[in-house]
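>>> Okay, sequence plus prediction incoming.
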Amino acid sequence: MSSKDAYVQKLHAKLDEWNAQIDKMKAKADQAEADSRIEYNKRIGELREKRSETKEKLEALREAGEGAWEDLKSGVQLAVESMEQALNSAKARFK
């Protein structure tokens, strides 16, 4: 397996982890009171949007040739870091 394939696999696992965390937040939102539910749903929408952006970048990286994927990797890494920050922020806010 190439380092590109290993990186793509690792990030797909990260996307699955994020999906589970977002689903967990959605379950909490469904049980929250109306005001909190609105804020939860807003944050969840933002997280889903960031996750989609990251997934799109990952797919572009996956489809890139062996020479070009290294160039795309930094952009994907920035998207991953942004998603993780947003997720950590949302989790901290709704503990």
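Cool, got the structure. Numbers count the residues shown, from 1 in each chain.
>>> Where does pLDDT dip in the protein?
Along the chain, segments meeting pLDDT under 70 span 1.
>>> now the helices: where do they sit in this structure?
Taking DSSP state H to define them, one finds helices in the chain at 3-31, 34-63, 69-93.
>>> In the protein, which residue is most central in space?
In the chain, the residue lying closest to the centroid (C-alpha atoms, centre = their mean) is Arg51, at 3.5 Å.
>>> out of everything not next to it in sequence, what's closest to Lys50?
The shortest distance from Lys50 to any non-neighbouring residue, by C-beta to C-beta, 6 or more residues apart in numbering, is to Met83 (4.8 Å). Where C-beta positions appear, they are placed from N, C-alpha and C, glycine not excepted.
>>> these two touch, right, the one you found and Lys57?
No. The pair Met83 / Lys57 is not scored as a contact, 10.3 Å apart, by C-beta atoms under 8 Å.
>>> The residue nearest to the centre of the chain against Ser82, yeah?
No. With contacts counted by C-beta under 8 Å, Arg51 stays clear of Ser82, the gap being 10.4 Å.
>>> Check what contacts stretch 4-24 and list those residues.
For stretch 4-24, contacts defined as C-beta atoms under 8 Å, 6 or more residues apart in numbering pick out 1, 44, 47-48, 51, 54-55, 58, 61-62, 64, 66, 69, 73, 76, 80, 83, 87, 91.
>>> Go again with 7 Å.
With C-beta atoms under 7 Å, 6 or more residues apart in numbering as the test, stretch 4-24 has contacts from 44, 47-48, 51, 55, 58, 61-62, 66, 69, 80, 83, 87.
>>> The residues you listed, buried ones only, as a PyMOL selection?
Those of those that count as buried under 16 or more other C-beta atoms under 10 Å are selected in PyMOL with:
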select buried, resi 44+47+51+55+58+61+62+69+80+83+87
